[in-house]
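Q: One predicted model, sequence on top.
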Amino acid sequence: MDLFDDRAASPMLIAKQAEAFDDPGCIYELKLDGFRCLAYSDKKTVDLRNKKNMRMLPKFPELSDIYCNIADRCILDGEIVVLKNGVPDFFALQKRTLLTDPFRIQVEAALAPASFVAFDCIYRRDKEQIWYPLYERKRVLSQIVSENDRIAVSRYISGSGVALYHAAEQKKLEGIVAKRKDSIYYMGKRSSDWIKCKRMADEEFIIAGYLQKGKHIFSLILAKYMKNFLIYKGHVTAGVTRDIIEKLTITDRSPFPIFPVGHEKAVWVKPDYVCVVEYMPNTLNSLRQPVFKGFRLDVLPEEVAAE
């Protein structure tokens, strides 16, 4: 099987979150508030695939020419971002992913164009790069990509995670990622060789239903899978709008095998939407000051499992 021809690559995932730290054995780069994506480029075309292996160019046609800036036939790992005032804007990005009308997509592409930021090279010239150490893959990446407004290479520093985290904090960016310099690339698996250090915690949940608390106030009911069953994980109200509610598909029964107490007035929905909820970090098994951040269209509900 050829990773490129079969579109068979899958992104390596981050296994854990921690406070910022310094380590001479790590490199540190900014954590971008974007959508993870693999770029299959052959110097004539580029094919962008998300974690579900869905094609992303129809949503982001302005990225169709980035192959011109990639020297070799390769697979790059990175993120699609939409920048506003030089800072990634997740809400603008999410708006793009939800559009289906080609005309509106073209309008948004002109008004708020996306960029692809590459941070790894996992295939080059018909050869997998996943067994090479990260520092070697980074060297290759810097050689084969020439930057412009639509494609960039993620910058990094060595050893000084705390300083970079504080710089990200001052700019109110999402945080940083620490990566072992000698780490190999485990496709489709979570690895502790990559660690995220976030200014705010966020987490993925399945939407199981909602409660209407006022004329324009809704609270989403959150869940995760434990084995093959959904378990209740809390609520989020801040950031939830009627537009969000209208995307959900109502059902006539609770998706929980054990009915959660106090939800007699809940409206239950098909558990096929994954969302991201941002909250203040704490040590309790609860969401402190949660805020609905957006849908996660590149994550399957089956992937959202309780620890």
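A: Looks like it arrived, so ask away. Numbers count the residues shown, from 1 in each chain.
Q: Every contact and neighbour count from this point should use C-alpha atoms.
A: Will do.
Q: Counting neighbours, which bits of the worst-scoring helix or strand of the chain on mean pLDDT end up buried?
A: Each helix and strand of the chain was given a mean pLDDT (mean pLDDT, DSSP states H and E); the minimum falls on helix 90-98 at a mean of 83. Residues of helix 90-98 classed as buried: 90, 92-94, 96-97 (neighbour count, 16 or more other CA atoms under 10 Å).
Q: try stretch 242-257
A: Residues of stretch 242-257 classed as buried by neighbour count (16+ other CA under 10 Å): 245, 248, 250, 254-255.
Q: From these, which land in strands?
A: Nothing among the buried residues of stretch 242-257 maps onto strands, per DSSP state E.
Q: would you list those residues in a markdown table and tack on pLDDT and distance to Phe4?
A: Formatted as a markdown table, the buried residues of stretch 242-257 follow (pLDDT from 0 to 100; distance: CA to CA, whole Å):
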| residue | pLDDT | distance to Phe4 |
| --- | --- | --- |
| Ile245 | 95 | 39 |
| Leu248 | 96 | 36 |
| Ile250 | 96 | 40 |
| Ser254 | 93 | 42 |
| Pro255 | 93 | 39 |
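Q: Which member of these is positioned nearest Ala39?
A: Closest approach to Ala39 among the buried residues of stretch 242-257 (CA to CA): Leu248, at 30.7 Å.
Q: Please determine how far the residue sitting nearest the centre point of the chain is located from Pro257.
A: In the chain, the centroid-proximal residue (CA atoms, centre = their mean) is Phe35; its distance is 4.2 Å. Going from Phe35 to Pro257 by CA to CA, to the nearest Å gives 32 Å.
Q: what does Thr97 give?
A: 32 Å.
Q: would you list the buried residues of helix 90-98 in CSV and tack on distance to Asp298?
A: What follows is those, written out as CSV (distance: CA to CA, whole Å):
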residue, distance to Asp298
Phe90, 14
Ala92, 16
Leu93, 13
Gln94, 11
Arg96, 13
Thr97, 10
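Q: and which of those residues is nearest to Ala9?
A: Closest approach to Ala9 among the buried residues of helix 90-98 (CA to CA): Thr97, at 21.6 Å.
Q: Find the nearest non-adjacent residue to the closest one, please.
A: Nearest non-adjacent residue to Thr97, counting by CA to CA, 6 or more residues apart in numbering: Lys59, 6.1 Å away.
Q: again, but for Lys227
A: In space, Lys227 is closest to Ala305, 7.7 Å off (CA to CA, 6+ apart).
Q: now swap in Phe295 and tell me
A: In this structure, Phe295 finds its nearest non-sequential neighbour in Cys275, 4.2 Å apart by CA to CA, 6+ apart.
Q: how about the one you found, phi and psi?
A: phi -130, psi 160 (degrees, to the nearest 10).
Q: so what's it up against?
A: Contacts for Cys275 (CA atoms under 8 Å, 6 or more residues apart in numbering) come out as 204-207, 292-296.
Q: Surely Val177 is in a helix?
A: No. Membership of Val177 in a helix is not supported by DSSP: H, G, I helix; E, B strand; the rest coil, which gives strand.
Q: wait, what's in contact with the nearest residue to it once chain neighbours are set aside?
A: In space, and not counting its chain neighbours, Val177 is closest to Lys196: 4.4 Å by CA to CA, 6+ apart. Taking CA under 8 Å, 6+ apart, we find Lys196 in contact with 14, 16-18, 31, 175-178.
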